[in-house]
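Enquirer: The sequence and its predicted three-dimensional model are supplied below.
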Amino acid sequence: MSTSVRRSSFLLEGPAVDYLAPVAALIYPVTLWCFHWSVNAFETGGRSPIAIVAAAASFASLFLLPGLILLAALHLASIDKPNARQLRARRVAFISVAAPTILVFLGVLLFMAHNPIPDSVAWVAIWMGAIAFVGLGGLSGGEPHETAPSQRVSTVRVVHGISASVIILLFPALHLSNHLMGLFGAEAHAAFMKVARNLYRAKLVEPLLVGLLLFQAASGLWLSRKYVAGRMDLFRAFQLASGTYLAFYVVGHMDSVFILARTYLGIDTNWAFATGAPAGLIRDPRNIRLVPHYWLGVFFVLSHLSSGLRLVLLAHGWRKAIADRVMIGGSLVGGLVATLILLGMCGMRIQFA
Ligand code: HEM
């Protein structure tokens, strides 16, 4: 019998839920493979309805599994007095939220190291290790831990917020608008990027931007490590989960842009690079992993910023109901922007008659 105390139980009960996130992360690449297989079967096998259903189901699971991992993390965060295993499960679940972007990062690192082992072997080792880590928590006694609300304002938290504001001014609006231009075609994307690069690739701006983003990732992980064992509401848990995703995303994305593309391959990081041309994002067995990776990157960057804005509004005496709506509204906009960008990257075009 579980000795933990739960404030809410909106998901499965029982010890199985402690393993849900790493197990979902473990099987996540299988959904990518199923999608690739069903698209292939659709194109080569006479466009059968079974292949369409299989493609739709596996495409949905590319997002359902990360959604399930997020729910598992939020659920584990809602346990007031977690026992040792649940505390480990909570830590692992927050890291599992980043599984789609960790898979991309891992693939790039192994590719640059000339693939000493296949991605799948490294992937299984990572998540089997995570599952064992959770299980071993059950051996060290089941006594519940007292969790205290982690509301104290630390200097790192304040600097993390200030640095985020500078980053917002420097980059994301420009970068995401650039990718939205893909809806009008590769030329429109390239024309916008040519102008935007004058700003973010300027001699002083680029190192500042990279430095701030690396600081943001490191300080975010530091904050998350500090807060993850504490008591938190759903908003704080979501902020932690989205921040954990972004820490891996930002480092992996910069590794892809600066090290893999510009240094290792010596190619321009343009529309063709972003969309995995000539094969594209959908048809290539490796590129398909970029779809959830990018979608979640855009969604989490906007929803994480909205979570931060919610806290700022609350600190300035705004009504909780309004601050909550700002956060939820910002996240919905994040989902919409991410969807539009990905539709453009997968080939959808807007044309004026
Ligand atoms: C659909 C989503 C995204 C795609 C397809 C994408 C793609 C790209 C591409 C192609 C570049 C190279 C730009 C250039 O050569 O000028 C780039 C650079 C970069 N991206 Fe993204 N990106 C996405 C989202 C994000 C997000 C959410 C962040 C986080 C804030 C981010 C951070 C960066 C940074 C810091 C750079 C380096 C900028 C520089 O060249 O100085 N990206 N990205």
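Expert: That came through fine.

Enquirer: tell me the pLDDT at Leu281?
Expert: On pLDDT, Leu281 comes in at 96.

Enquirer: same deal with Gln351?
Expert: pLDDT, read off for Gln351, is 86.

Enquirer: Please settle this for me: is it part of a helix?
Expert: No. Per DSSP: H, G, I helix; E, B strand; the rest coil, Gln351 lies outside any helix segment and is coil.

Enquirer: nearest spatial neighbour of Trp33, skipping sequence neighbours?
Expert: Pro285 (7.4 Å; C-beta to C-beta, 6 or more residues apart in numbering). In short, each C-beta sits where N, CA and C put it, glycine included.

Enquirer: Surely the one you found is in contact with Phe35?
Expert: No. The pair Pro285 / Phe35 is not scored as a contact, 9.4 Å apart, by C-beta atoms under 8 Å.

Enquirer: Which one of the two is surrounded by more residues?
Expert: Phe35 (24 against 14; other C-beta atoms under 10 Å).

Enquirer: can you list the residues of the stretch 151-300 of the chain near the ligand?
Expert: Within reach of the ligand by C-beta under 6 Å from any ligand atom, the stretch 151-300 of the chain has these residues: 172, 175, 179, 193, 197, 200-201, 206, 209, 213, 250, 253-254, 257, 269, 273-274, 294, 297-298.

Enquirer: Where does the prediction get shaky in the stretch 1-150 of the chain?
Expert: Low-confidence segments of the stretch 1-150 of the chain (pLDDT under 70): 1-13, 140-150.

Enquirer: residue boundaries of the helices in it?
Expert: Applying DSSP state H, counting those that start in this stretch to the stretch 1-150 of the chain gives helices spanning 16-44, 49-77, 84-96, 99-112, 119-137.

Enquirer: looking at this, the residue nearest to Trp33 is in a helix?
Expert: No. Counting by three-state DSSP, Pro285 falls outside a helix, being coil.

Enquirer: ok, it - contacts?
Expert: 32-33, 36 (C-beta atoms under 8 Å, 6 or more residues apart in numbering).

Enquirer: mind running it again at 10 Å?
Expert: Shown in contact with Pro285 (C-beta atoms under 10 Å, 6 or more residues apart in numbering): 32-33, 35-37, 39-40, 279.

Enquirer: Go through those residues and say which is closest to Arg90.
Expert: Leu32 (26.4 Å; C-beta to C-beta).

Enquirer: What number of residues are in the vicinity of that closest one?
Expert: 22.

Enquirer: Pull the number of nearby residues for Lys226.
Expert: 14.

Enquirer: so it sits right up against Arg91, yeah?
Expert: No. In this structure, Lys226 is not within contact of Arg91 by C-beta atoms under 10 Å, at 12.0 Å.

Enquirer: how far away is the spatially most central residue of the chain from Ala16?
Expert: The centroid of the chain falls nearest to Tyr245 when counting by C-alpha atoms, centre = their mean (3.9 Å). Relative to Ala16, Tyr245 is positioned 24 Å away (C-beta to C-beta, to the nearest Å).

Enquirer: Kindly report the same for Ile341.
Expert: Distance, Ile341 to Ala16, using C-beta to C-beta: 36 Å.

Enquirer: Who has more neighbours out of these two?
Expert: Ile341 (23 against 9).

Enquirer: Nearest residue to that one in space, please, no chain neighbours.
Expert: Closest residue to Ile341 apart from its sequence neighbours, by C-beta to C-beta, 6+ apart: His179 at 4.5 Å.

Enquirer: could you say what helices and strands the helix or strand containing the one you found packs with?
Expert: Using DSSP states H and E, His179 sits within helix 172-180. Counting contacts by 3 or more C-beta pairs under 10 Å, 6 or more residues apart in numbering; DSSP states H and E, helix 172-180 is packed against helix 186-200, helix 271-274, helix 290-315, helix 320-345.

Enquirer: So for Ile27, which of the ones you listed sits nearest?
Expert: Nearest of the helices and strands packed on helix 172-180 (C-beta to C-beta): helix 290-315, 13.8 Å.

Enquirer: how far is that closest one from where the chain is centred?
Expert: Between the mean C-alpha location of helix 290-315 and the chain-wide mean there is a distance of 10 Å, by C-alpha atoms, centre = their mean, to the nearest Å.

Enquirer: Could you pull out the buried residues of that helix?
Expert: 290-311, 313-314 (16 or more other C-beta atoms under 10 Å).

Enquirer: swap in stretch 279-286?
Expert: Within stretch 279-286, judged by 16+ other C-beta under 10 Å, the buried ones are 281-282.

Enquirer: Give me the distance between the two termini of that stretch.
Expert: With C-alpha to C-alpha, to the nearest Å as the measure, the ends of stretch 279-286 fall 10 Å from one another.

Enquirer: what about it, distance to the chain center?
Expert: Worked out by C-alpha atoms, centre = their mean, stretch 279-286 lies 20 Å from the chain centre.
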